[in-house]
Every structure is written in C-alpha cells, then in structure tokens.
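1. Here's a sequence, model it:
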Amino acid sequence: MKKIAILSLLLLLNACGATAPAFLATSAGTYSEYKVMSVIKTGTDFTLSLADLPTTNDFVLSRITGYECKVSRALKEGIEYICKDVKIHPPTNTTIDKDVKK
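-> Predicted structure coming up:
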C-alpha cells in the first residue's frame, strides 16, 4: 500500500513543477495552454484545501485506491496515513424491507 501511495503521489503531483515537460515545448500555443490549466488547477486545489475539502489529487487518488485519501494528512500524521478505510453507514429509517403491502 505504501508503494502504491508513493507512486501515485509522484504521478499526481508532477504538475507542481515550475517547468513543463519537454513534449509541451514543441509549440507556443500548447505551452501557454498548459500554463493556464496549471494555474486553474492550482487555484482550485488551493480553494478546496482552504475549505478542508479533498483536492483534485485527493479525489483521483481515492478513486484509484478505493480508500479515503487526503495528501495533506501526510504533513500531520505521516505518509502511511494518507489513505484510510471508507466507513459506510447504512440508512436506518427506510421502509424498503418492511412488510408494507401496496
């Protein structure tokens, strides 16, 4: 699990660098679009983290692993606590299984 988390972090956090990958430097328009998308993603992640909600990286990592993941937990609790088990609470006040005749 630890190796999966580290590999996922390396793949998901690659947009944090100041420079673009070499394949984006082939045309001027592509590089500027990359920078715009990078700024939009950074702004979105910053806003979500201020509201204590999962960022886009957290969402993707959670979908891949099936756990509740939050990268900011690594700063407080350590890297092994990034992903936690999802606790599912079934509804209690349902009438689906009761013997109600129509």
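
2. make it CA atoms for all contacts and neighbour counts henceforth
-> Will do.

3. which helices and strands does the longest helix anywhere in the chain pack with?
-> Assignment by DSSP state H gives helix 28-50 as the longest helix of the chain. On a contact count with 3 or more C-alpha pairs under 8 Å, 6 or more residues apart in numbering; DSSP states H and E, helix 28-50 meets helix 56-65.

4. List the buried residues in the helix it packs on.
-> 56-58, 61-62 (16 or more other C-alpha atoms under 10 Å).

5. and if you look at stretch 34-48?
-> Buried residues in stretch 34-48 (16+ other C-alpha under 10 Å): 34, 38, 41-42, 45.

6. mind putting those residues in TSV, pLDDT included?
-> Shown next, in TSV, are the buried residues of stretch 34-48 (pLDDT from 0 to 100):
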residue	pLDDT
34	79
38	87
41	89
42	89
45	87
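
7. where does this protein have low pLDDT?
-> 6-30, 94-102 (pLDDT under 70).

8. Name the nearest of the buried residues of helix 56-65 relative to residue 86.
-> residue 62 (9.8 Å; C-alpha to C-alpha).

9. just checking, the closest one touches residue 68?
-> Yes. Assessed by C-alpha atoms under 8 Å, residue 62 is found in contact with residue 68 at 5.4 Å.

10. anything in contact with each of these two?
-> Shared contacts of residue 62 and residue 68 (C-alpha atoms under 8 Å, 6 or more residues apart in numbering): residue 83.

11. re earlier: could you dump the buried residues of stretch 34-48 to TSV with distance to residue 74?
-> Shown next, in TSV, are the buried residues of stretch 34-48 (distance: C-alpha to C-alpha, whole Å):
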residue	distance to residue 74
34	28
38	23
41	21
42	19
45	16
